[in-house]
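In: sharing a model prediction with you, sequence too.
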Amino acid sequence: MHRRRGGRGRAPRGDVRAAVLMLLAEEPMHGYQLMQAIADRSDGRWTPSPGAIYPTISQLEDEGLVTVIADAGRRLVTLTDSGREQADARRETGSDPFAEYERSEPATDLRGLLEELHAATRQVARSGTEEQRAAAAKILTDARRSLYLLLADGPEAPND
C-alpha cells in the first residue's frame, strides 16, 4: 500500500539523508542534481526542496560523511570513505528510500496539470474580457467543487 505523504511530496529528514547517501554512492552531485535525481527516482512524487537538501548536505559534511568543494561556482558533494561505508551498510540492510515509489503504480502528474491550469487562468485574467473572466471563475469554482466531491466519494461532476 502506498504511504501517503503530506504537502509537496515531503519525506522525513531521515529519508532525505538516506536518499542523498544512496545517490552520492553512485556519483558526486551538486545540490540541484540531488533534488532532480530524487524527483526522477520517485517519478516526480517526491520533490525535496532546497530547504531539505542543503541542510542535509551540511549535516553530512559536519559528520565527515561528505566533502563539499567549489566547482564552477557550484558546490560539488562527494562521499568520503566513511560516507561510502555508511551508504554500503544501508544498502546491505535493504533500507532503500525509493523502494516505496518502485512498488506503487506510476503517479498521475497532478502538479503538472495544475501548473497548466494556472497558466491558462493567468492568460484569461490578463487578456480576457470581463465575460471570459466570469466564465473562467465559474469553471474554476465547479472544478474545485468536483474535486471535493471526488474525495467524498460523491458524483464525479456537480449537478447544477
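Out: Noted; the coordinates are in hand.

In: give the closest residue to the residue positioned nearest the centre of the chain in space, chain neighbours not counted.
Out: The centroid of the chain falls nearest to Thr47 when counting by Cα atoms, centre = their mean (1.3 Å). Closest residue to Thr47 apart from its sequence neighbours, by Cβ to Cβ, 6 or more residues apart in numbering: Ala39 at 4.6 Å. (Glycine included, C-beta is placed from N, CA and C.)

In: what's near enough to touch that neighbour?
Out: Trp46, Thr47, Pro48 (Cβ atoms under 8 Å, 6 or more residues apart in numbering).

In: isn't there a helix covering the first one?
Out: Meaning Trp46. No - Trp46 is assigned coil when assessed by DSSP: H, G, I helix; E, B strand; the rest coil, not a helix.

In: on that earlier part again, for the residue nearest to the centre of the chain, phi and psi?
Out: phi -130, psi 90 (degrees, to the nearest 10).

In: run a quick check on it versus Leu34, I expect a contact.
Out: No - contact criterion Cβ atoms under 8 Å: Thr47 and Leu34 do not qualify, at 11.4 Å.

In: pLDDT averaged over the helix or strand hosting the residue nearest to Thr47 - what is it?
Out: Following DSSP states H and E, one finds Ala39 within helix 31-41. In this model, helix 31-41 has an average pLDDT of 90.

In: tell me which residues in it are buried?
Out: Gly31, Gln33, Leu34, Met35, Ala37, Ile38, Arg41 (16 or more other Cβ atoms under 10 Å).
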